[in-house]
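**Student:** My questions are about this predicted structure, shown below with the sequence.
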Amino acid sequence: MIPSPLVLRPDDSLAQAAALFRGSQLRALPIVDPKGRLEGILFKSAVAAATHQQVGDVMTSNVRSLDEETSFADLMEYCSREVTALIVIVRDGRPTGFVSPSQLATLTEPLTTASFAPAEVCSTTSRYLRVADTCAVDDG
């Protein structure tokens, strides 16, 4: 999940939204009501295409959201049934982050120690980092 502590309100200006996007690496921001509950989502691309409007004018209000307690299996099942670019993760209706199906696809393979390290401890090629006094170097 990509955490998103940043939120916008429908009456915020697109200039405010643009400033938030510039200060983050997010491609979307949740839009919340005065109680902090999810109302929609604003994609960065919508900000670039619009001028002199408010967030509520260009936000997407038909937003896919799942509770943060949703199991990984249920999340995968949801993504297999629904076509969506981004799912907002919520706690008590308030956004806490985002998940994209492409992120989930990277997690479908079982993780093992081989997922993180080469099979051999050391290598004489530049492909892996070598640590001094750990790898024996054959000087020929």
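**Tutor:** Nice, I can see it.
**Student:** now stretch 23-39: how far from the chain's centre is it?
**Tutor:** Counting by CA atoms, centre = their mean, to the nearest Å, stretch 23-39 is centred 13 Å from the centre of its parent chain.
**Student:** Can you give me the first-to-last residue distance of that stretch?
**Tutor:** Stretch 23-39 has an end-to-end distance of 22 Å (CA to CA, to the nearest Å).
**Student:** same deal with stretch 62-69?
**Tutor:** By CA to CA, the extent of stretch 62-69 from end to end equals 21 Å.
**Student:** Rounded mean pLDDT for it, please.
**Tutor:** Stretch 62-69 carries an average pLDDT of 86.
**Student:** Sort out which residues of that stretch are buried, please.
**Tutor:** 63-66 (16 or more other CB atoms under 10 Å). Glycine gets a C-beta too; all of them are placed from N, C-alpha and C.
**Student:** Tell me how far the nearest residue to G93 once chain neighbours are set aside lies from S102.
**Tutor:** Of all residues beyond its chain neighbours, the one nearest G93 is R37 (4.2 Å), with distances taken as CB to CB, 6 or more residues apart in numbering. Between R37 and S102 the computed distance is 27 Å (CB to CB, to the nearest Å).
**Student:** ok, now G23?
**Tutor:** Taken as CB to CB, the span from G23 to S102 is 24 Å.
**Student:** hang on, isn't the residue nearest to G93 packed against R91?
**Tutor:** No: look at R37 against R91 with CB atoms under 8 Å: they stay out of range, at 10.7 Å.
**Student:** Next, show the common contact partners of those two.
**Tutor:** Between them, R37 and R91 share no contacting residue under CB atoms under 8 Å, 6 or more residues apart in numbering.
**Student:** Run through this protein and note the low-pLDDT ranges.
**Tutor:** 1-4, 51, 104-140 (pLDDT under 70).
**Student:** Any idea what S13 is bridged to?
**Tutor:** Beta-bridge pairing for S13 (DSSP bridges): Q54.
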